[in-house]
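*Asks:* Mind looking at a prediction? Sequence and model below.
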Amino acid sequence: MKLDLDPTHASAPEPLRIEEMRLEDINAVTRIELLSFTTQWPHDAFANELRSNKLAHYFVGRIGSRIVAYGGIWVILEDSHVTTIAVDPELRGCRYGERMMSHLLDTAIELGAAWMTLEVRESNLSAQRLYQKYGFTTVTTRKAYYSDNNESALVMWAGNLQGELYRARLDALRAKLS
Ligand SMILES: CC(C)(COP(=O)(O)OP(=O)(O)OC[C@H]1O[C@@H](n2cnc3c(N)ncnc32)[C@H](O)[C@@H]1OP(=O)(O)O)[C@@H](O)C(=O)NCCC(=O)NCCS
């Protein structure tokens, strides 16, 4: 088989530019939200987070001017929590979710967080794999946490984020990403 040298068929994904989410980004974010979750945060929920929650840090990932990913965390002293993360379904599997996750972790660590928690649906194996890659383990299960189908949530946790071992793990993963 001949090697395809046509640059329009280049397979390397374009780099994701991660920026703080702004109010004017919310329409694009809620479009991805609708395609990604069975129960969604409405526009107002994102707007309230951006306007009023001093503990919240939300980001969008762009390819060119198009928003293709977003994510958010709360950071309360040493504690941080992933509130949301999603990638446009058309562009999943291109490491954009991982880049966003890595950015959320970097931000939390920079702000002094020592651990991070999150909830994930029991059936959401792709997200669980992503979190496990970044050192998260399941610490407990919340039965019937999701009201749409009574699905349980796994509570996942990554600790000692400020430690050398965790930083080395992040550095190694970041090197692979770039
Ligand atoms: C979870 C999500 C953000 C992952 O984003 P993505 O850009 O598709 O994933 P990436 O290409 O960055 O993959 C990174 C890692 O995630 C895991 N992963 C992603 N897609 C996967 C799949 N289809 N099957 C298994 N693992 C998968 C893998 O560990 C992968 O790394 P690896 O290939 O080296 O093992 C994305 O699937 C999504 O938006 N899902 C819907 C919203 C959602 O469920 N959010 C999480 C709520 S808790």
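*Replies:* That came through, no problem. Numbering: from 1, shown residues only.
*Asks:* can you pull out the strands in this protein?
*Replies:* With strands called from DSSP state E, the chain shows them at 17-20, 56-63, 66-76, 79-87, 115-121, 137-146, 151-158.
*Asks:* now the longest one against strand 115-121, angle please.
*Replies:* With axes from the mean of the first three to the mean of the last three C-alpha atoms, to 10 degrees as the criterion, the two stretches strand 66-76 and strand 115-121 enclose an angle of 120 degrees.
*Asks:* Packing partners of strand 66-76?
*Replies:* helix 26-36, strand 56-63, strand 79-87, helix 96-110 (3 or more C-beta pairs under 8 Å, 6 or more residues apart in numbering; DSSP states H and E). Where C-beta positions appear, they are placed from N, C-alpha and C, glycine not excepted.
*Asks:* For the residue in the chain positioned nearest to the ligand, give me its contacts.
*Replies:* Residue nearest to the ligand within the chain (C-beta to the nearest ligand atom): residue 97, separated by 2.0 Å. For residue 97, the contact set (C-beta atoms under 8 Å, 6 or more residues apart in numbering) comprises 69, 85-87, 130.
*Asks:* Let's have these in CSV, adding neighbour count, distance to residue 139 and pLDDT.
*Replies:* As requested, the contacts of residue 97 are exported to CSV (neighbours: other C-beta atoms under 10 Å; distance: C-beta to C-beta, whole Å; pLDDT from 0 to 100):
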residue, neighbour count, distance to residue 139, pLDDT
69, 27, 26, 98
85, 21, 19, 98
86, 20, 23, 98
87, 24, 25, 98
130, 17, 17, 98
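*Asks:* Contacting the ligand as well, which ones from those?
*Replies:* Restricting the contacts of residue 97 to those adjacent to the ligand (criterion: C-beta under 6 Å from any ligand atom) gives 85-87, 130.
*Asks:* Could I get those in JSON lines, plus columns for distance to residue 55?
*Replies:* JSON lines is the format used below for these (distance: C-beta to C-beta, whole Å):
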{"residue": "85", "distance to residue 55": "17"}
{"residue": "86", "distance to residue 55": "20"}
{"residue": "87", "distance to residue 55": "24"}
{"residue": "130", "distance to residue 55": "23"}
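*Asks:* Burial check on the closest residue in space to residue 116 that isn't next to it in sequence, number of neighbours?
*Replies:* Computed as C-beta to C-beta, 6 or more residues apart in numbering, the closest residue to residue 116 that is not its neighbour in sequence is residue 80, at 4.5 Å. Using other C-beta atoms under 10 Å, residue 80 has 27 neighbouring residues.
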